[in-house]
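>>> coords please:
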Amino acid sequence: MKNFSIIILFLSLGLMSCKSEFEKLRTSSEPKEIYKSAMAYYDQEDYVKAQTLFEIVIPYYRGNKEAEDLYFKYANTHFYLQEYILASHYYKNFATTYYSSDKKEEAEYMAAYSKYKLSPNHRLDQTSSLEAIDAFQNFTNNFPESERVAECNKLIDELRDKLEEKAFNEGKLYFDLNRYDSSIRAFENMLKDYPDAQQAEEVRFLILKSSYLLAKNSIYEKKKERFEQCIVKYELFNKKYSKSSFSKEAEKIYSNSLNELNTFNHVGHKDASTESRS
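Numbers count the residues shown, from 1 in each chain. Sure thing, here's the model as predicted:
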């Protein structure tokens, strides 16, 4: 037990020594030593200490040949520490400041990729996804010959799939809540934004079904017009997906809508006959 306590004591003293050595370096007024140690910590992948020392030493080297490499590695530390908002900012700032650098292309890509890393689950707000898409598109426009263009396009497709999923879930949520008017608008907006969406067939069917259920649950004065709209939506769906797995249910909706309209027409005919006799 005594030996164990001694070992713990020596370990604690060692840790305190390392810490005090770093603190001493951090508060020193020797830029060259700070620079050297910052690079050493960076190479050892101790990005917290490297970042701290980079922040101190960068102002001393501004305008010198070492500044470019210092600033780029400083941006890298934010990325490696998963501080993606700051990483994107510093990469973009690097590309603007060192516009003739051979690292400019990589910095522009990493600025976009950092935004991509901020993209959350499709159920959450997708502002970061939209910003990442814009950043990747700007990169491909600025560096059309870059070997990273294919990767950018792949990541854009991935982000767009996430946005599509969010848009679909929004429309489906309205549908499940029986808010059929909102469901129709959400799904139609989705198709405007993503006309080639993978779920386009199901979306168009759900627009048709929402239209029918909206008409079915409408007040009497609105039923006729809404069943007529339902017929139009069926014709659009059937024209595009005549062999859809949803066709059977779609045809039933169409048939029911026609029956509802026939009822209105019959009532209208009776009313007209009654008026003529009177």
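>>> export stretch 195-208 to PDB, keeping only CA atoms.
This file holds the C-alpha atoms of stretch 195-208, laid out as PDB (Å, rounded to 0.1, in the frame of the first residue of the first chain):
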ATOM      1  CA  PRO A 195     -38.500  17.200 -58.700                       C
ATOM      2  CA  ASP A 196     -36.300  14.100 -59.000                       C
ATOM      3  CA  ALA A 197     -36.800  13.000 -55.300                       C
ATOM      4  CA  GLN A 198     -36.600   9.300 -54.700                       C
ATOM      5  CA  GLN A 199     -39.900   9.300 -53.000                       C
ATOM      6  CA  ALA A 200     -41.700  11.400 -55.700                       C
ATOM      7  CA  GLU A 201     -44.200   8.500 -56.500                       C
ATOM      8  CA  GLU A 202     -45.300   8.100 -52.900                       C
ATOM      9  CA  VAL A 203     -45.400  11.900 -52.500                       C
ATOM     10  CA  ARG A 204     -47.700  12.400 -55.400                       C
ATOM     11  CA  PHE A 205     -49.900   9.600 -54.100                       C
ATOM     12  CA  LEU A 206     -50.100  11.200 -50.700                       C
ATOM     13  CA  ILE A 207     -51.000  14.500 -52.300                       C
ATOM     14  CA  LEU A 208     -53.900  12.700 -54.000                       C
END
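>>> what comes up buried for that stretch?
Across stretch 195-208, burial judged by 16 or more other Cβ atoms under 10 Å covers 197, 199-200, 202-208. Using the backbone N, CA and C atoms, a C-beta is placed for each residue, glycine as well.
>>> out of those, the closest to Ser88 would be?
Ranked by distance to Ser88 (Cβ to Cβ), the buried residues of stretch 195-208 are led by Ala197 at 28.2 Å.
>>> from Thr96, how far out is that closest one?
For Ala197, the distance to Thr96 equals 36 Å [Cβ to Cβ, to the nearest Å].
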